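Enquirer: Sequence unavailable; structure follows:
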């Protein structure tokens, strides 16, 4: 029978006589067939092993740590996938040269360039950590969980600040017009609305810092961290930004120990090589159904580990970012744009009535409220000025107060 082994070098196979061997015997076969010494091996049935960066992270994968465990007791059968992490370099059998020139296969300039395009793991992100405003993160996941039931995908653009040390703080999430299905997310970008968002962000002293999207329940059964379609969408948005600390966040449901489901946030950066390959047009952007979603197809060969290939495991492109949370300067109690129910003036009136015991600047310290009001203001002068009042928590000029109350009164 055959066992598939996925490591930092890609997908390989090990042949075994039967499924009733021990973990120790499997490791011996990996050493003899794949040239990875047994003492260097860490094996697990958990794909997250390949994302572990430190010895402490790797030590948490203990499902195959007992050498006497029968692999059949772990559910490993013909065709099963095992994940392998190892230290050091490998000695790979076979010739390590490729003839070229007049004495062998002729190589084009494209071949030579491709030989130099190596895809390796990026160990460290440019982003020190990402911290989510608790209310903004909760408003996003609550809608996906309660209203969409994680049945279709949802996305948003994250705005906030970046510290000189590379710490990203997400303080609000703008949800553009979009169409989500079980497998795909199409952002129907509205340039006029996005210009208003940028004007508000500028007044708040914030900027675009990343992309957040959800995976659906059906994707939980898939063997990948991010699919090839998700990689393409994430790297395109990353590439459009001029921010080296740009973050991509994934929200999904995970089964907990009690059999229930917990909402789980993960954060990544697309690696430098991923962004470069995308900008230089190496990615196949038309995704065919027969292509494994955990692999991204290239238009030309790249070098992964010791092999030339046109299929790269998506995990090679992901750099894990630590997640924290904080209480940001904005509230997130106003209805959010571009969801199932349009945001009306009545919502504005109800919000102002409900918060009338607060100072006016506190009542409007909500990005989603500012976005609604901004449609009635001058984008170049009024929108940044009103947002700056929120930033400094200073008193709102009477003219703006009257305008906002009259908009609400028209409901």
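Expert: Cool, the structure landed. Computed from a predicted model, the values in this text were never measured in an experiment.

Enquirer: can I see the domain layout of this structure?
Expert: For the chain, the structural domains run 2-86, 129-326, 345-409, going by automatic domain parsing.

Enquirer: ends of the first one, how far apart?
Expert: So that's domain 2-86. Domain 2-86 has its terminal residues 21 Å apart, counting by CA to CA, to the nearest Å.

Enquirer: Equivalent analysis for the shortest one, please.
Expert: Using CA to CA, the end-to-end distance of domain 345-409 comes out at 8 Å.

Enquirer: again with the longest one
Expert: Domain 129-326 has an end-to-end distance of 12 Å (criterion: CA to CA).

Enquirer: The domains of the chain: which one's closest to residue 123?
Expert: domain 2-86 (6.4 Å; CB to CB). In short, each C-beta sits where N, CA and C put it, glycine included.

Enquirer: Report the mean per-residue pLDDT for that closest one.
Expert: Averaged across domain 2-86, the pLDDT comes to 89.

Enquirer: Could you do stretch 181-193 as well?
Expert: 94.

Enquirer: List the buried residues in that stretch.
Expert: 183, 185, 187, 193 (16 or more other CB atoms under 10 Å).

Enquirer: picking that back up, most tightly packed of the domains of the chain?
Expert: The highest mean neighbour count among those, using mean count of other CB atoms under 10 Å, belongs to domain 129-326: a mean of 18.

Enquirer: coming back round to it: the domains of the chain into a markdown table, with extra columns for distance to residue 117?
Expert: Formatted as a markdown table, the domains of the chain follow (distance: least, CB to CB, whole Å):
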| stretch | distance to residue 117 |
| --- | --- |
| domain 2-86 | 15 |
| domain 129-326 | 5 |
| domain 345-409 | 41 |
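
Enquirer: and residue 335, which of those domains is closest to it?
Expert: domain 345-409 (4.9 Å).

Enquirer: Can you give me every residue that contacts the residue nearest to residue 69 when sequence neighbours are not counted?
Expert: Spatial nearest neighbour of residue 69, chain neighbours left out: residue 23 (4.9 Å); criterion: CB to CB, 6 or more residues apart in numbering. By CB atoms under 8 Å, 6 or more residues apart in numbering, the residues touching residue 23 are 43, 64, 65, 66, 67, 68, 69, 71.

Enquirer: Would you mind giving those as TSV with distance to residue 338 and secondary structure added?
Expert: TSV is the format used below for the contacts of residue 23 (distance: CB to CB, whole Å; DSSP: H, G, I helix; E, B strand; the rest coil):
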residue	distance to residue 338	secondary structure
43	45	strand
64	46	coil
65	48	coil
66	51	coil
67	54	coil
68	56	coil
69	51	coil
71	49	helix
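
Enquirer: Which of the residues you listed sits closest to residue 379?
Expert: residue 43 (57.0 Å).

Enquirer: That closest one contacts residue 29, doesn't it?
Expert: No: here residue 43 lies out of contact with residue 29, judged by CB atoms under 8 Å, at a distance of 11.2 Å.

Enquirer: Give me the common contacts of the two.
Expert: Common neighbours of residue 43 and residue 29 are not found (criterion: CB under 8 Å, 6+ apart).

Enquirer: The residue nearest to residue 69 and residue 233: what is the separation?
Expert: 38 Å (CB to CB, to the nearest Å).

Enquirer: which ones are touching the closest residue to residue 285 other than its chain neighbours?
Expert: Spatial nearest neighbour of residue 285, excluding adjacent residues (CB to CB, 6+ apart): residue 232 at 6.3 Å. Residue 232 is in contact with 278, 283, 285, 287, 296, counting by CB under 8 Å, 6+ apart.

Enquirer: Now, these that are in helices?
Expert: Using DSSP state H, the subset of the contacts of residue 232 located in helices is residue 278.

Enquirer: Can you give me the pLDDT of residue 246?
Expert: We have a pLDDT of 98 for residue 246.

Enquirer: so it sits right up against residue 238, yeah?
Expert: Yes: here residue 246 reaches residue 238: they are 4.9 Å apart, a contact under CB under 8 Å.

Enquirer: which residues are common contacts for these two?
Expert: By CB under 8 Å, 6+ apart, the residues touching both residue 246 and residue 238 are 211, 269, 270.

Enquirer: The first one: which element?
Expert: The one in question is residue 211. strand 207-214 (DSSP states H and E).

Enquirer: ditto for the second one
Expert: Counting by DSSP H and E, the element that carries residue 269 is strand 261-270.

Enquirer: Strand 207-214 and that strand, what's the angle between them?
Expert: Interaxial angle of strand 261-270 relative to strand 207-214 (axes from the mean of the first three to the mean of the last three CA atoms, to 10 degrees): 130 degrees.

Enquirer: What's the mean pLDDT across strand 261-270?
Expert: pLDDT averaged over strand 261-270 gives 94.

Enquirer: Which of the buried residues of stretch 181-193 fall in helices?
Expert: Per DSSP H, the subset of the buried residues of stretch 181-193 in helices is residue 193.

Enquirer: from the buried residues of stretch 181-193, which is closest to residue 154?
Expert: residue 185 (7.2 Å).

Enquirer: So what pairs up with that closest one in the strands?
Expert: residue 180 (DSSP bridges).

Enquirer: Many thanks, have a good one.
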